[in-house]
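>>> All I have is the shape, not the residue letters:
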DNA sequence: CGACACTTTGATCCGATTCAACCATCGTGG
DNA sequence: CCACGATGGTTGAATCGGATCAAAGTGTCG
């Protein structure tokens, strides 16, 4: 086992405001792991042993219902924590986290959490803010699901995705990881068929551009206006 | 202004594990307020100045969309905190809180938060657990909205309500505050018409019993089985 | 190059909203 | 105290947004 370098995590939001010796101590307790695209980081209902920091790649957090339907709760990009609900008292993971592309993460055993939180209040505070921000974001999603028609929900999902992990290209802003029609449907409570029809229509109108598993938003403002 | 008695908050979840002198100090910073049924405790988008503890009554937390549609995010009952997202960094309230019945609450200025959290780690920890629990609950709701048909969503809402604030009666478990068809519709993303039809059908089948603004679940298990 | 995963598009069907009308209950003030 | 307006609830009919069913096209990778 080689020593992890503090440059890996310096500057990331969860560790902002910590000194270099602090970072070294925090890293001492971590192990790093590589996750191939399509592989799980952790699985729903499994005993929660660790929490994670995504260093590179993209992970989608998915809940599966008793009858097998899937809902994508969120996409996590590099620099963000996952599996932290468990650090705050849960015994099992509430969802499955699957790598959308080959990814790299750090893992800490749950026991390390209290220690870290106690010793580095800034780390704890950052984490709580993350949880609070996710709660608020999820609340917005409930409002969307409860009040908006499918086209609006899909548009909002795309706009959230490019905001959280968009990459500027020649034609607009592209979602920076592969995402299928089915994935978008699983984020918005609809079917791949409906998503396909919407994207085709929007492409004709010049709002978006897409190919297999890649989506680019050409004109976010007009897309937003279009769905009201 | 009279002194608030520590018996008001001793034993409530947010303050569990605190000593009596601690409680007195905490109460010193609070003011109490009476809210008449239908009146707001705080309003969406207003500058957040305080967080609250509901001592008696019931409050519903409502988000209103730009086009005026309402979504009831949750009902808060006595002993629970409200308006805490703001204590964790927000500048405005993300929703409106309206008293469902005449209610009584304590209010602390937001500045008191950091002080209390620093001095009473148990209070802080309890609060973070609350936020984490609400996130998980909201996640479940997203899954429900994204995957379940209306009858299931309404059934789940009723079961959640009787679990969180049910009162045992002769006929079953009654939701312990007045709630209209429209309110239930606003919790589940449907219309009062559909809720009315469902309740009527369920009443014929003996699962529930209801009158104006009062709903009793007669047989939770059979209702749950019925909607799959 | 073939198999598989992903995407498109048409036709049909259904759950739930919308539109419409009416009834019941509550609170209030003359 | 009762009349009346307001709020809440019921129920039918028409309509529609999307799901479902069905089938064929296309890009990708081993």
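Yep, that arrived. Keep in mind it's a predicted model, so treat the numbers as computed, not measured.
>>> can you give me the strands in chain A?
Using DSSP state E, the strands of chain A run over residues A:31-35, A:40-42, A:50-56, A:58-64, A:70-77, A:81-82, A:96-99, A:103-109, A:166-168, A:173-175, A:208-211, A:214-217.
>>> Can you say which of those is nearest to residue B:43?
Set against residue B:43 and scored by CB to CB, these come closest in strand A:70-77, at 28.5 Å. (Each C-beta comes from the backbone N, C-alpha and C, glycine too.)
>>> relative to strand A:103-109, how tilted is the closest one?
Counting by axes from the mean of the first three to the mean of the last three CA atoms, to 10 degrees, strand A:70-77 points 90 degrees away from the direction of strand A:103-109.
>>> which strands and helices sit next to the lengthiest helix in chain A?
With residue count as the measure and DSSP state H as the assignment, chain A has helix A:121-147 as its longest helix. For helix A:121-147, the contact count by 3 or more CB pairs under 8 Å, 6 or more residues apart in numbering or on different chains; DSSP states H and E identifies strand A:70-77, helix A:111-119, helix A:150-165, strand B:70-77, helix B:121-147 as packing neighbours.
>>> Go through the last one and flag the buried ones.
Same thing as helix B:121-147. B:123-128, B:131-132, B:134-136, B:138-139, B:141-147 (16 or more other CB atoms under 10 Å in any protein chain shown).
>>> what does chain A have sitting close to DNA strand D?
Residues of chain A found near DNA strand D (CB under 7 Å from any atom of the strand) are A:149-151, A:189-191, A:193-194, A:211-212.
>>> filter those residues to the buried ones?
A:150-151, A:189-190, A:194.
>>> can you tell me which of those residues are up against chain B?
Counting by CB under 8 Å from any CB of the partner chain, residue A:189 from these sit close to chain B.
>>> Pick out the most distant pair among the buried ones among the residues of chain A next to DNA strand D.
A:151 and A:189 (12.7 Å).
>>> Quick check: which ranges of chain A have low pLDDT?
Where chain A drops to pLDDT under 70, the residues are A:1-3.
>>> change it to 80
A:1-4 (pLDDT under 80).
>>> Let me see the domain layout of it.
Under the assignment automatic domain parsing, the domains of chain A span A:6-144, A:148-226.
>>> Nearest approach to DNA strand C belongs to which of these?
Nearest to DNA strand C, of all those, is domain A:148-226, at 3.2 Å by CB to the nearest atom of the strand.
>>> what about that closest one and DNA strand C, any contact?
Yes: with CB under 7 Å from any atom of the strand as the measure, domain A:148-226 is seen reaching DNA strand C through A:180-182, A:192-193, A:196-197, A:199-200, A:210, A:212-213.
>>> measure residue A:46 to residue A:85 for me?
Distance of residue A:46 to residue A:85, computed by CB to CB, to the nearest Å: 13 Å.
>>> Find residues that contact each of these two.
Common contact partners of residue A:46 and residue A:85 (CB atoms under 8 Å, 6 or more residues apart in numbering or on different chains): residue A:93.
>>> Can you name the residue of chain A nearest DNA strand D?
Counting by CB to the nearest atom of the strand, chain A gets nearest DNA strand D through residue A:149, at 2.8 Å.
>>> and that residue, backbone torsions?
Residue A:149 adopts backbone torsions of phi -70, psi 170, taken as degrees, to the nearest 10.
>>> could you measure it against chain B, distance?
Note on residue A:149: its distance to chain B, by CB to the nearest CB, to the nearest Å, is 11 Å.
>>> picking that back up, now, among the residues of chain A next to DNA strand D, which is nearest to residue B:217?
Distance to residue B:217 across those (CB to CB) is lowest for residue A:189, with 26.3 Å.
>>> wait, doesn't the closest one sit right on residue B:145?
Yes: the pair formed by residue A:189 and residue B:145 meets the contact definition of CB atoms under 8 Å, at 6.4 Å.
>>> what's the overlap in contacts for these two?
Residues touching both residue A:189 and residue B:145 by CB under 8 Å, 6+ apart: residue A:145.
>>> Just send the strands of chain A back as TSV, with distance to residue B:68 too.
Shown next, in TSV, are the strands of chain A (distance: least, CB to CB, whole Å):
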stretch	distance to residue B:68
strand A:31-35	45
strand A:40-42	41
strand A:50-56	39
strand A:58-64	31
strand A:70-77	27
strand A:81-82	36
strand A:96-99	37
strand A:103-109	42
strand A:166-168	31
strand A:173-175	31
strand A:208-211	29
strand A:214-217	28
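>>> Go through the buried ones among the residues of chain A next to DNA strand D and name the one nearest residue B:175.
Nearest member of these to residue B:175, counting by CB to CB, is residue A:189, at 26.7 Å.
>>> list the contacts for the nearest residue to the closest one once chain neighbours are set aside?
Once flanking residues are discounted, residue A:189 sits nearest to residue B:146: 3.2 Å by CB to CB, 6 or more residues apart in numbering or on different chains. Contact analysis of residue B:146 by CB under 8 Å, 6+ apart lists A:71, A:145, A:186, A:188-189.
>>> Tally up the residues packed near the residue lying closest to residue A:115 once chain neighbours are set aside, please.
Among residues not flanking residue A:115 along the chain, residue A:29 sits closest, at 7.9 Å (CB to CB, 6+ apart). Neighbourhood size, residue A:29 [other CB atoms under 10 Å in any protein chain shown]: 15.
>>> how near is residue A:29 to residue A:73?
For residue A:29, the distance to residue A:73 equals 27 Å [CB to CB].
>>> Residue A:127 too?
Residue A:127 is 18 Å from residue A:73, by CB to CB.
>>> cool, and residue A:5?
From residue A:5 to residue A:73 the distance is 31 Å (CB to CB).
>>> How about residue A:153?
Distance, residue A:153 to residue A:73, using CB to CB: 15 Å.
>>> Residue A:217 contacts residue A:171, correct?
No: counting by CB under 8 Å, residue A:171 is not a contact partner of residue A:217; they are 9.3 Å apart.
>>> Comparing these two, which shows the higher neighbour count?
Neighbours were counted for residue A:217 and for residue A:171 using other CB under 10 Å; residue A:217 has more, 26 against 12.
>>> From residue A:189, how far out is the more buried one?
20 Å.
>>> What residues does residue A:167 make contact with?
When contacts are counted by CB under 8 Å, 6+ apart, residue A:167 touches A:173-176.
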